[in-house]
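A.B. asks: Take a look and give me a structure for this.
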Amino acid sequence: MAIQSSKLNNSFSSELSNLKGCSSLAQCYGCGSCSGVCPVEKVVPDFDPRKIVHMVALGMEEDLLRSDTIWACSQCQSCVPVCPQEVRPADIIKALREKARARGLMGEDRMADLGLLARVDPVTCVACLICMRVCPFGAPHVVGDGYAVIEPELCRACGICVSECPAKAISLALSQEQAGMTRGKAMSTDGTKIVGFCCHYTARVSEDALQMAGLLPAGVRFEHVPCTGRVEVPALLAAFEQGADAVFVVGCKEGSCHNLSGSQQAAKRVGQARAILKEFNVRPERIEMFFVTRGETEPVVAAAREMSERAGRLGPLYGEQAKVVEEVQ
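C.D. replies: Residues are numbered from 1 along each chain as shown. Here you go, the predicted model:
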């Protein structure tokens with residue numbers, strides 16, 4: 001990116017330093033600790049909290065406020081405790097977002113298009129209040145006309161309300177990759193027999209690298225999702241229908257989930273999938289939920305090994321799966 005000095009705001013850093021959580025901005029010396037622990041940086045190529053803080057210091061106000069990059073931050077606060085200078089990159093990014101909103105650069109429609117805000121169809125919504133009960137952040141509420149609305153300032157785009165809404169009245173824009181991962185996508189014919197849905201806050205692991213190192217059994221494929229709370233029952237069952245012999249979900253341990261209750265919602269859906277499998281005489285132990293510490297690869301590998309061994313003991317699933325998926329869709 002070419003930097004044009006005529007477009008720089010030399011007072012931008014000092015202006016932002018007066019806002020909540022930004023007072024230590026000038027103390028950043030670019031060590032990269034924030035980038036090293038950032039889960040979003042690992043899955044969004046253009047996102048780097050260190051780079052954003054540096055751009056603030058340079059006075060690149062317009063570039064930052066008009067970019068989509070600052071909206072990729074999940075506000076998980078992982079960057080805050082690791083900074084040796086007590087800089088708070090997440091708070092700095094939050095301040096940038098507030099400035100962009102104040103200037104009208106990010107409205108609700110734009111947020112929805114970027115997948116940053118869930119929207120409710122007022123015609124379809126039946127005001128059942130389920131979204132209000134399951135939202136970890138208190139974003140939905142029912143208005144006088146008898147339908148739910150989502151508060152933009154509170155919505156974290158975790159997708160839990162989308163999966164839980166019985167009327168399917170809530171939508172959240174997803175990238176093509178995310179849509180496939182959360183709702184089920186066709187498996188390749190590469191010998192995949194074990195599918196693991198893995199929260200990218202918990203671990204971001206490469207099957208190829210792990211298999212080359214001899215750490216991962218053959219035939220295992222990970223589907224990295226923004227939050228396991230967004231994985232729906234049909235996606236779990238579709239993995240069986242498309243050829244898997246075992247499926248597992250890896251989420252954050254209770255009390256450490258970025259979306260507070262995302263992994264608990266995932267565990268509930270795994271339980272629902274197990275019940276459906278049992279109804280169709282498919283052994284429910286072919287699907288399992290694992291809770292692991294965020295950022296640790298070893299427990300994820302251990303889960304994959306356990307499910308691979310379990311599938312070996314149970315044998316191939318063959319053709320039972322299609323009937324299961326057709327029944328629930």
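
A.B. asks: how many other residues sit next to residue 237?
C.D. replies: When counting by other C-beta atoms under 10 Å, one arrives at 28 neighbours for residue 237. Backbone N, C-alpha and C define where each C-beta goes, glycine included.

A.B. asks: Any idea how far the helix or strand encompassing it is from the middle of the chain?
C.D. replies: Element membership of residue 237, judged by DSSP states H and E, is helix 233-241. Chain-centre distance of helix 233-241: 19 Å, with C-alpha atoms, centre = their mean, to the nearest Å.

A.B. asks: same thing with stretch 119-135?
C.D. replies: So, by C-alpha atoms, centre = their mean, the centroid of stretch 119-135 is 21 Å from its chain's centroid.

A.B. asks: Buried residues in it, which are they?
C.D. replies: Residues of stretch 119-135 classed as buried: 119-120, 125, 127, 130-131, 134-135 (neighbour count, 16 or more other C-beta atoms under 10 Å).

A.B. asks: possible to save the residues you listed as TSV with distance to residue 92, secondary structure and pLDDT?
C.D. replies: What follows is the buried residues of stretch 119-135, written out as TSV (distance: C-beta to C-beta, whole Å; DSSP: H, G, I helix; E, B strand; the rest coil; pLDDT from 0 to 100):
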residue	distance to residue 92	secondary structure	pLDDT
119	28	strand	94
120	31	strand	96
125	36	coil	96
127	38	coil	94
130	35	helix	94
131	31	helix	95
134	31	helix	91
135	26	coil	92
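
A.B. asks: In the stretch 101-250 of the chain, where is pLDDT below threshold?
C.D. replies: Within the stretch 101-250 of the chain, the segments meeting pLDDT under 70 span 174-192, 203-209, 211-213.

A.B. asks: which ones are touching the nearest residue to residue 232 once chain neighbours are set aside?
C.D. replies: Excluding its sequence neighbours, the residue lying closest to residue 232 (C-beta to C-beta, 6 or more residues apart in numbering) is residue 163, at 5.1 Å. Residues in contact with residue 163, defined by C-beta atoms under 8 Å, 6 or more residues apart in numbering, are 182, 229-232, 265, 269.

A.B. asks: before we move on, which element is residue 163 in?
C.D. replies: Applying DSSP H and E, one finds residue 163 within helix 160-164.

A.B. asks: Using CSV, write out every CA atom in that helix.
C.D. replies: Provided in CSV are the C-alpha atoms of helix 160-164 (Å, rounded to 0.1, in the frame of the first residue of the first chain):
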residue,chain,number,x,y,z
ILE,A,160,-26.6,-18.8,17.3
CYS,A,161,-30.0,-17.1,16.9
VAL,A,162,-30.0,-18.0,13.2
SER,A,163,-29.6,-21.7,14.0
GLU,A,164,-32.1,-21.6,16.9
